[in-house]
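Student: This is a predicted model, with the sequence first.
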Amino acid sequence: MSRKRKIEIFTSDCYLCNEVVKLVEDTACEFCDVRVYNINYEGQDKASAYGIASVPTVVVDGKVADCCRQGKVSKSELMATGVGKPIS
C-alpha cells in the first residue's frame with residue numbers, strides 16, 4: 001500500500017493562483033493529499049516556515065518545488081515533482 005503524497009499549494013486571491021490550484025487538483029492522483037492555503041488568511045505562518053515569499057507556490061512532500069515557486073506551471077513540470085504519482 002502506498003503512502004499519500006503531500007501537496008500544499010500556497011495562494012492568494014488571484015487568477016493565476018486559481019489556475020495553479022485547478023491544474024494541481026486535475027493532475028493529482030488518489031494517493032495525493034492536496035491542501036490549499038491562502039496566505040491572506042490561514043496560510044501565512046505555514047508559508048513563512050517554508051520561506052515562501054510569493055504565490056502561487058507548490059510544496060511537494062515538504063519541499064518547495066523549484067518549478068512552482070511563482071507564476072505559471074505546466075502539467076509536465078508538476079509531474080516531474082511527483083504530483084500524480086504515489087510514493088513507492
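Tutor: That came through fine.

Student: For the rest of this, base every contact and every neighbour count on C-alpha atoms.
Tutor: Fine.

Student: how about Cys29, what does it touch?
Tutor: For Cys29, the residues meeting the contact criterion (C-alpha atoms under 8 Å, 6 or more residues apart in numbering) are Val83, Gly84, Lys85, Pro86.

Student: Please report the distance of it from Asp66.
Tutor: Summarising the geometry, the distance separating Cys29 from Asp66, computed by C-alpha to C-alpha, to the nearest Å, is 21 Å.

Student: Next, the buried residues of the helix or strand where Glu19 lies.
Tutor: With secondary structure defined by DSSP states H and E, Glu19 is part of helix 15-27. Applying a neighbour-count criterion of 16 or more other C-alpha atoms under 10 Å, the buried positions in helix 15-27 are Leu16, Cys17, Val20, Val21, Val24, Glu25, Thr27.

Student: same check, this time on stretch 61-77
Tutor: Neighbour-count burial for stretch 61-77, counted by 16+ other C-alpha under 10 Å, picks out Asp61, Val64, Ala65, Cys67, Cys68, Arg69, Gln70, Val73.

Student: Check stretch 76-86 too.
Tutor: By neighbour count, and taking 16+ other C-alpha under 10 Å as the criterion, the buried residues in stretch 76-86 are Leu78, Thr81, Gly82, Val83, Gly84, Lys85, Pro86.

Student: any idea which of the buried residues of stretch 61-77 is least confident?
Tutor: For the buried residues of stretch 61-77, the model is least confident at Gln70; its pLDDT is 64.

Student: follow-up on the earlier one: could you name the helices and strands sitting against the helix holding Glu19?
Tutor: strand 5-11, helix 75-80 (3 or more C-alpha pairs under 8 Å, 6 or more residues apart in numbering; DSSP states H and E).

Student: mean pLDDT for those: which is lowest?
Tutor: Within these, confidence is poorest for helix 75-80, with a mean of 92 (mean pLDDT).

Student: Test my guess that Gly84 contacts Glu25.
Tutor: No. Between Gly84 and Glu25 there is no contact under C-alpha atoms under 8 Å: 9.2 Å.

Student: Doesn't Ala49 belong to a strand?
Tutor: No. Under DSSP: H, G, I helix; E, B strand; the rest coil, Ala49 falls outside any strand and is assigned helix.
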